[in-house]
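Engineer: let's see this in three dimensions:
(chains A and B)
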Amino acid sequence: MSDSQNNQPGLDPEVTEKLEQQTSELAESVNAGDYAKAMSIINELSDVRDQSLYQEVGRLTRSLHEAIRNFQIDPRSAEQQEALSKMSDASDRLNYVVEMTNQAANRTMDLVEESMPLAHTMRDEAIELRDEWQRLRRREMAPAEFRELYGRIDRFFVSMTADSDVLYRSLSEILLAQDFQDLTGQVIQKVTGLVKEVEENLLSLVVMAGHVDQLTGTIHDIEEKEESAEKGVGPQVKAEEREDVVSGQDDVDDLLSSLGF
Amino acid sequence: MKILIVDDFSTMRRIVKNLLRDLGFTNTDEADDGNTALPMLKSGKYDFLVTDWNMPGMSGFDLLKAVRADEQLKDLPILMVTAEAKRDQIIAAAQAGVNGYVVKPFTAATLKEKIEKIFDRIH
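Structural biologist: A predicted model of the protein is given here:
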């Protein structure tokens, strides 16, 4: 506490001058044996301290109010109500992003699940036809079999044309399903802007509050809240900058094999 | 081979289900967290469990521990497919008895490799 007060910037020059003057007067009175005077000087000194403290707290309180006002979370005026709705709007926007990405992922998977069997059928039929074709080239095929193959190749061409049309349409629909990125990107950028603004205001608020705490000697008993690794913390955004996080599957494999797995 | 896929996101369950089907595993069920999964495991005679870590309700890590603590289920092979990437977490999962750990985002080849490795060890 005493350390932090020594570091306090901006004690009024008037106050410090008064302090110096009264301290020397105090020393003189004590030396002269005038204890009554000394006591009254000590009282004056503590008055000076209280006054400067009140002034400082008053100044900080005003700044604090200013910082809170910058947050625009006082819903009394219409303008501030709008700012408040900007906040709840942000969570609506993020919900919209979740909804959009969910839709796109499901639409894409629907189309992929429809397309995969077509690709499979095409492949299987092509393999069988190739084997038959090889038999024909090796002259191992009876005329009746050849007539059968003839018709089969015909049907294959027809179904391949139709199926590749379907595949092509699915692929272009998958392409279109990615249009969410444009919309969600814009929404996320807006929300990021808002978060940044809030972050800056919050920071100055914290600095102010820290000042007030220092002056009044308030110590908060704040428990460190750590993310529960057991519960799961989700994806690591800046994995490459961190030592305690793996950077990919190779890292995981190395770690596990170093443990004897 | 009956497999239970546990993930809170339906899209991720669907991706894993599709990849497993491509690997020839067609008998799969889904659950959205440990609380739903555990009773299914107890009554369902599953041969393999694929689980996410971070889920509301009961996490995949708690599910792993619950399975290992259960006399009937304790030998069930478990593959974790998760975005959890802290070294401590991976070590904790290994110590709790996970059989494989795939970190998201992952490829079909990685999933295939890990599953095959697990089955190689068992047989």
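Engineer: what separates residue A:185 from chain B, distance-wise?
Structural biologist: Applying CB to the nearest CB, to the nearest Å, the value for residue A:185 to chain B is 19 Å. In short, each C-beta sits where N, CA and C put it, glycine included.
Engineer: return the residues in contact with residue A:47.
Structural biologist: Residues near residue A:47 by CB atoms under 8 Å, 6 or more residues apart in numbering or on different chains: none.
Engineer: and the helix or strand that contains it, how far from the chain's centre?
Structural biologist: Element membership for residue A:47 (DSSP states H and E) is helix A:35-71. A distance of 40 Å separates the centroid of the chain from that of helix A:35-71, by CA atoms, centre = their mean, to the nearest Å.
Engineer: now the residue of the stretch 101-250 of chain A found nearest chain B. Its backbone dihedrals?
Structural biologist: Proximity of the stretch 101-250 of chain A to chain B (CB to the nearest CB) peaks at residue A:232, 2.8 Å away. Note on residue A:232: its backbone torsions stand at phi 100, psi 140 [degrees, to the nearest 10].
Engineer: any idea which residue sits dead centre in chain B?
Structural biologist: residue B:50 (1.9 Å; CA atoms, centre = their mean).
Engineer: look up how far chain A lies from it.
Structural biologist: 15 Å.
Engineer: I'd guessed that residue sits against residue B:16; true?
Structural biologist: Yes: counting by CB atoms under 8 Å, residue B:16 is a contact partner of residue B:50 at 5.9 Å.
Engineer: find residues that contact each of the two.
Structural biologist: Residues touching both residue B:50 and residue B:16 (CB under 8 Å, 6+ apart) are B:5, B:81.
Engineer: tell me the contacts of the closest residue to residue A:38 other than its chain neighbours?
Structural biologist: Distance criterion CB to CB, 6 or more residues apart in numbering or on different chains; nearest residue to residue A:38, sequence neighbours excluded, is residue A:29 at 4.2 Å. For residue A:29, the contacting residues are A:35, A:37-38, A:41, by CB under 8 Å, 6+ apart.
Engineer: mind checking the pLDDT average for the helix or strand harbouring residue A:29?
Structural biologist: In this assignment (DSSP H and E), residue A:29 forms part of helix A:13-32. Averaged over helix A:13-32, pLDDT sits at 85.
Engineer: for that helix, output the C-alpha coordinates as PDB.
Structural biologist: What follows is helix A:13-32, C-alpha atoms only, in PDB (Å, rounded to 0.1, in the frame of the first residue of the first chain):
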ATOM      1  CA  PRO A  13       2.100  20.900  -5.900                       C
ATOM      2  CA  GLU A  14       0.100  23.000  -3.400                       C
ATOM      3  CA  VAL A  15      -0.400  20.000  -1.300                       C
ATOM      4  CA  THR A  16       3.200  18.900  -1.400                       C
ATOM      5  CA  GLU A  17       4.400  22.500  -0.600                       C
ATOM      6  CA  LYS A  18       2.000  22.500   2.400                       C
ATOM      7  CA  LEU A  19       3.300  19.100   3.500                       C
ATOM      8  CA  GLU A  20       6.900  20.200   3.400                       C
ATOM      9  CA  GLN A  21       6.200  23.400   5.300                       C
ATOM     10  CA  GLN A  22       4.200  21.700   8.000                       C
ATOM     11  CA  THR A  23       6.700  18.800   8.400                       C
ATOM     12  CA  SER A  24       9.500  21.300   9.200                       C
ATOM     13  CA  GLU A  25       7.200  23.200  11.500                       C
ATOM     14  CA  LEU A  26       6.300  19.900  13.200                       C
ATOM     15  CA  ALA A  27      10.000  19.100  13.700                       C
ATOM     16  CA  GLU A  28      10.700  22.600  15.100                       C
ATOM     17  CA  SER A  29       7.800  22.300  17.600                       C
ATOM     18  CA  VAL A  30       8.900  18.900  18.800                       C
ATOM     19  CA  ASN A  31      12.500  20.100  19.200                       C
ATOM     20  CA  ALA A  32      11.300  23.200  21.100                       C
END
